[in-house]
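Engineer: Following is a predicted model, sequence given first.
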Amino acid sequence: MTLSAKPDHCRLIIEPAPLSGSRNMAIDEALLESAANQESCTLRWYQWNQPTISLGYFQKNEAEDSAEIWKDLPRVRRLSGGGAILHHHELTYSFSLPGCHPLAKSPPELYVAIHQPIIDVLAAHGLQVQFRGVSFRSKSEPFLCFGRGDERDLICQGQKILGSAQRRRRGAIVQHGSLLLLTSEHATDFPGLLNLTDQVARYQNQFLEALTVDFSHAISHALELPLESQILTDEERSQAESLEKEKYTADTWTSRK
C-alpha cells in the first residue's frame, strides 16, 4: 500500500481468548498508532476475561450511588469518551482507520458505516435491532454508557444493546463498541439482546464465533475493504505491552479525572 493512498484491505484480528481490560485498551491504542503511522486499517474482535468497567476518557473515576455494587470490579480508562461500560456478556470490536480514508474525516458516518452491517447480520440471525434515531442528554448523565442515548445507538424493544465511541489521533481514528448480549448481574437494569428476544440459550461459543465472522464480512463488504486475517505485528505487540504496563494499569491514568 502506498502511503497516503486509501487502504486497499483491512486486517482482521479475532482474539482467540478473552483478555484483561488493560490489555484490550492497550492493543486498541497500538492499532490507532498503526493507523496513524503506517496507514493500516484493522478490524478487531475481542472479549474480556472478567467483568470490567471501562471509564470514558473525560469521566471521573467514581461509581456514585452504585459504588458498593462495583467496588471489586477492575477498572480501566479508555482513550474514547462517553460513559462507563460494564463489559461482561458481550462482543466488543474496534475499528482503526487511517486519515487517508474518507470515513476518517466524517466520524458520524463511520458510526453508521459500522452499525448498519451489524443490524443486517443480526436480522439474518432472527434478531431485530434498529438505530435509536434520536439523542437525549440530561444535566447529570448516568454513570454507565448504556443509560445514555445517542441517535446512532442500536436498540431492541427500546433498550440500548450497542453503543460505540471514537478517538482521533493525527487524522487517524479508532472506533470501538460493545454489543450487549446478556444481562450482567452487575448491571441488571440493562437487558442484553438475547434476554430481550428470549433467546438466552443461544449464548454459546459457536454462536459468538458465527456472529463475529458474519459481522466481519458484512463490514468488509459495506466498506469495500477486503479482509486479511492477521495477528498483531511484533511492533504492535511490543507497543501494547509497554502501554499496558506504563499507562493502562497505572492508577495515575485510571484515576486522573
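Structural biologist: Perfect, I can see it now.

Engineer: Buried residues in stretch 36-51, which are they?
Structural biologist: The neighbour-count check on stretch 36-51 (16 or more other Cβ atoms under 10 Å) flags 36, 38-48, 51 as buried. Quick note: C-beta positions are derived from backbone N, CA and C, even for glycine.

Engineer: try stretch 121-131
Structural biologist: Applying a neighbour-count criterion of 16+ other Cβ under 10 Å, one finds 121-122, 127, 129, 131 buried in stretch 121-131.

Engineer: Would you list the phi and psi of Gln199?
Structural biologist: Note on Gln199: backbone dihedrals following degrees, to the nearest 10 are phi -130, psi 40.

Engineer: roughly how far is the helix or strand of the chain with the lowest mean pLDDT from the heart of the chain?
Structural biologist: The least trusted helix or strand in the chain, going by mean pLDDT, DSSP states H and E, turns out to be helix 67-70, with a mean of 74. Remark: helix 67-70 is offset 23 Å from the chain centroid, using Cα atoms, centre = their mean, to the nearest Å.

Engineer: residues of that helix that come out buried?
Structural biologist: Along helix 67-70, these residues count as buried under the neighbour rule (16+ other Cβ under 10 Å): Trp70.

Engineer: Same question for stretch 219-228.
Structural biologist: For stretch 219-228, the buried set under the neighbour-count rule, 16+ other Cβ under 10 Å, comprises 219-220, 223, 225, 227.

Engineer: So in the chain, which strand runs the longest?
Structural biologist: Taking residue count as the measure and DSSP state E as the definition, the longest strand of the chain comes out as strand 159-169.

Engineer: re the thing from before, what does whichever helix or strand comes after the least confident helix or strand of the chain rub up against?
Structural biologist: Under the assignment DSSP states H and E, the closest C-terminal helix or strand after helix 67-70 is strand 75-77. If you take Cβ atoms under 8 Å, 6 or more residues apart in numbering as the criterion, strand 75-77 is touched by 21-22, 24-25, 52-57, 59, 61, 248, 253-254, 256-257.

Engineer: Ok, stretch 180-197 next?
Structural biologist: For stretch 180-197, the surrounding residues in contact (Cβ under 8 Å, 6+ apart) are 51, 69-70, 73, 86, 88-91, 122, 126-129, 144, 146-147, 156-157, 159-162, 179, 200, 202-203, 208.
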